[in-house]
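Q: Here is a sequence with its predicted model. Questions after.
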Amino acid sequence: MSDFSGPGLYIHVPFCTHICPYCDFSVLTGDRAWQARYLQHLLMEIELLTDSGWPDRGPEPPRQPFDTIYFGGGTPSMLQPEHLESILEAVRARLPVRTDAWLFLEANPEDVTLATAATWRQMGFRTISLGVQSFASDNLAFLGRQHSPRIARRSLEVAIAAGFDTVAMDLIYGLPDQTPTDWQRDLDEALAAGPHHLSCYQLTVHPRTPFGFRRQRGELEEMGNDEQSDLFVLTHRHLQEAGLPGYEVSNFAAGPEHRSLHNQKYWSHTPYLGLGPSAHSFAGHHRWWNARKIKAWMAPLGEGRLPIESSEQLGLQSLVLESLMLGLRTYAGVDFDALPGGTGQGLWEENEAAIDRLVESGLATVEGSCLRPTLRGLAVADTLARSLDLGSLREEPR
Amino acid sequence: MAVGRVDLNSELPLAEVLFDFYDKLKTVTQGYGSFDYEMLDYRPTDLVKVDILVNGEPVDALSQLVHRDMSRARALRYCERLEETIPRQQFKIAIQGAIGGQIIARSTINAYRKDVTAKCYGGDITRKRKLLEKQREGKKRMKVVGAVEIPQSAFMAVLKSDPQK
């Protein structure tokens, strides 16, 4: 497979037919009129970018062309095919995009038919990611999903038959009272459907979502820490044995060729540009993000301005903390020789005792210049990241 | 003395009234109680030094001289309070009360086994990093005994007396 180490493009499509009670993304139940307005404004946003493809700000923009284009949401599969085509045309006309850029589409199972799958394939989408979440009817009802287990299975069959290079599926675990047996049953159903990639997310209850309000009222109790850990370990071990080894906290692939080329950019500080409401972008040591709500995103575009809500410039300490935080979420771990600013060797020496403690506790291993989490360590990756002392790095935004 | 008023005179060790005796008095008397004291004298008594150990390391700030009759109950209460107020960490924490080398009370805080968030994509990274930065700042305000992070609130909780039932 050729190298996909260039920048990635993310396009946020905020529409859903129904908003799930756990969702805290920027979404709305917009009709065709809203979708048309969204398209119009997205094309404006693309037009406002500079020739390099990046906003006219900050340091030197990345030189390489975009090599991944990811439609996320929301439910990108809701968009009319002609709208998707318009977006791809505009992106290719305006931005430097590799001819063999890898295209990703998130889709809901109920939107996947022989016709739509064929259309998406013809447009060049190579990975389809299906929001299945569960194969159990009661779980689907609890999660507010609009499809049945039968439709979920059918969507996998259709996607695989359509010839996508990677058919990926999202699942959610850690529902209240879910036992390891329940979850393993769901996993086995998923595996039987033959996906190339699985993303298994523990249910997270966010404030200001319907689940969050239920929790506040005492009507929803989250799974305890020990039970969460049991399911986490079960997921990684069971999928490893089934031929879908993990490569990140929540992501599993049937081979390196099926790992998400786009998502890996987030974890390696590879530049990415985000378009659409709430989309985030990163380049060098600069991160910026669009207005979250669709109207707030549209308003500046209507006035000829990019819809950037805020930004941050990362100093060395923040960059290094992010490298640790992101790297320790992956099976590959963190290569200290590759840390920003050449800080790795000094940091390792200063944290030798802390690193030894992690190794002795069975939470990490050392391989050359790499600190790699064990499975137990992966489960507490956030703690690993903050357990190293970065005090010697000066926090200076460049 | 007026009807409905009670005058209680006691001889107490001063150490028993130093911390929150006044607050407790006000609580049990619904604010009506008042309190005054005068030093009488020094008297010999059977005191022992109760040490609190966290993963085998003594926490000097929690060492107390206690009457021997109360030493086990006090040590047990300290261990229980610390169990309630020290947050779980990525390893098991043994909390012990000891007199000299003898362990007289014990509690255990099990390690947490999962803290990592499910998703970390473009929109999650800044929020996650800021949370880690906040936790790192919070860690600086904690007392670290061995590798165990003890928040200041744990010390205050330990030294408070039992709430009135």
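A: All right, it came through fine.

Q: If we ignore the residues flanking it in sequence, what's nearest the spatially most central residue of chain A?
A: In chain A, the residue lying closest to the centroid (CA atoms, centre = their mean) is residue A:263, at 5.4 Å. Nearest residue to residue A:263, sequence neighbours excluded (CB to CB, 6 or more residues apart in numbering or on different chains): residue B:121, at 6.3 Å. C-beta here means a position set from N, CA and C on the backbone, and glycine is covered the same way.

Q: what does residue A:189 give?
A: residue A:135 (3.9 Å).

Q: how near is the one you found to chain B?
A: 19 Å (CB to the nearest CB, to the nearest Å).

Q: One more: residue A:148?
A: Taking CB to the nearest CB, one finds residue A:148 at 25 Å from chain B.

Q: Let me know the pLDDT of the closest residue to chain B within the stretch 101-250 of chain A.
A: Using CB to the nearest CB, the closest approach of the stretch 101-250 of chain A to chain B is made by residue A:229 at 3.5 Å. pLDDT, residue A:229: 95.

Q: Could I get the contacting residues of it?
A: A:379, B:112-114 (CB atoms under 8 Å, 6 or more residues apart in numbering or on different chains).

Q: I'd guessed the residue nearest to residue A:263 sits against residue A:264; true?
A: No: the pair residue B:121 / residue A:264 is not scored as a contact, 10.8 Å apart, by CB atoms under 8 Å.

Q: Show me which of the two is the more surrounded one.
A: A count of neighbours by other CB atoms under 10 Å in any protein chain shown puts residue A:264 above the other of residue B:121 and residue A:264, at 20 against 17.

Q: quick one, phi/psi of the nearest residue to that one once chain neighbours are set aside?
A: Once flanking residues are discounted, residue A:264 sits nearest to residue A:270: 7.6 Å by CB to CB, 6+ apart. The phi/psi pair for residue A:270 (degrees, to the nearest 10) reads phi -80, psi 140.

Q: one step back: let me know the pLDDT of the residue nearest to the centre of chain A.
A: 97.

Q: show me what contacts it?
A: So residue A:263 contacts A:70, A:248, A:251, B:121 (CB under 8 Å, 6+ apart).

Q: Please list only the buried members of those residues.
A: A:70, A:248, A:251, B:121 (16 or more other CB atoms under 10 Å in any protein chain shown).

Q: Spell out the residue ranges of the strands in the stretch 201-350 of chain A.
A: Using DSSP state E, counting those that start in this stretch, the strands found in the stretch 201-350 of chain A span residues A:246-248, A:251-253, A:272-275, A:280-283, A:286-290, A:308-313, A:334-335.

Q: so for the shortest one, what's the average pLDDT?
A: Just to be clear, that refers to strand A:334-335. Computed over strand A:334-335, the average pLDDT equals 97.

Q: Give me the contact list for it.
A: Contacts to strand A:334-335, defined as CB under 8 Å, 6+ apart, come from residues A:323-324, A:327-328, A:344, A:369-372.

Q: Any chance of a markdown table for these, columns distance to residue A:118 and neighbour count?
A: Listed next are the contacts of strand A:334-335 as a markdown table, based on distance: CB to CB, whole Å; neighbours: other CB atoms under 10 Å in any protein chain shown:
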| residue | distance to residue A:118 | neighbour count |
| --- | --- | --- |
| A:323 | 41 | 22 |
| A:324 | 44 | 25 |
| A:327 | 39 | 25 |
| A:328 | 41 | 29 |
| A:344 | 48 | 18 |
| A:369 | 47 | 14 |
| A:370 | 43 | 16 |
| A:371 | 46 | 24 |
| A:372 | 42 | 18 |
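
Q: Look up phi and psi at residue A:65.
A: phi -70, psi 160.

Q: Residue A:166 too?
A: Dihedral angles (degrees, to the nearest 10) for residue A:166: phi -130, psi 120.

Q: now swap in residue A:388 and tell me
A: The phi/psi pair for residue A:388 (degrees, to the nearest 10) is phi -100, psi 140.

Q: What confidence value was assigned to the closest residue to it other than its chain neighbours?
A: Nearest residue to residue A:388 in three dimensions, chain neighbours excluded: residue A:351, at 4.7 Å (CB to CB, 6+ apart). pLDDT for residue A:351: 95.
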